[in-house]
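Asker: I would like to see how this sequence folds:
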Amino acid sequence: MLTRIDHVGIACFDLDATADFYRRVHGLEVAHEEVNEEQGVREAMLRVNGTDDGQATYLQLLEPVREDSPVAKFLARHGEGVHHIAFGTGDVAGAAAAIGAHGVRVLDETPRPGSMGSSIAFLHPKDCGGVLTELVQAAGGERRGDAAASE
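Answerer: Prediction:
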């Protein structure tokens with residue numbers, strides 16, 4: 001059902017400065033950047049590595065673009081740091097239903113658009129040990145590798 005850690009979301013006040021830190025210190029480069037108006041964030045995906053299934057794992061940097069976004073509220077309460085963890089799956093709706101059958105609240109009844117054309121669903125952090133958890137299905141199936149990341 002879950003194939004890998006797709007990404008770890010990191011909330012930050014300044015996406016450019018944070019991306020520069022990960023480039024200078026860890027050698028990670030921005031593979032994709034976009035603004036998600038629905039979620040009120042500017043985001044950058046930094047590719048960490050490939051995985052056994054031929055896909056990739058990322059750090060997702062999240063900078064709010066408006067004060068009422070969930071990430072802006074997170075930053076106001078907690079400051080910069082880990083916001084969520086995301087697991088890759090070949091079937092986000094099926095994975096959400098299977099996990100929901102175990103009593104975990106699924107926050108998105110229907111998967112919604114995520115970064116890089118993916119479909120996503122979030123799980124309630126109170127049902128996941130205090131961790132906001134995201135399920136991710138890449139555009140066209142499994143998550144992206146180098147070629148899709150550069151689109």
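Asker: isn't Val30 up against Leu46?
Answerer: Yes - using Cβ atoms under 8 Å, Val30 makes contact with Leu46 at a distance of 5.8 Å. C-beta coordinates here come from the backbone N, C-alpha and C atoms, glycine included.
Asker: which neighbours do the two share?
Answerer: By the contact definition Cβ atoms under 8 Å, 6 or more residues apart in numbering, Val30 and Leu46 are jointly contacted by Ala19.
Asker: Arg42 touches Asp16, doesn't it?
Answerer: No - if you go by Cβ under 8 Å, Arg42 and Asp16 don't touch, sitting 9.4 Å apart.
Asker: where's Gly94, which helix or strand?
Answerer: helix 92-100 (DSSP states H and E).
Asker: now swap in Asp108 and tell me
Answerer: Using DSSP H and E, Asp108 falls outside every helix and strand.
Asker: so who does His84 touch?
Answerer: So His84 contacts 8-9, 122, 131-134 (Cβ under 8 Å, 6+ apart).
Asker: what's the most distant pair in these?
Answerer: Val8 and Phe122 (14.4 Å; Cβ to Cβ).
Asker: and those two? which has more neighbours close in?
Answerer: Phe122 (21 against 16; other Cβ atoms under 10 Å).
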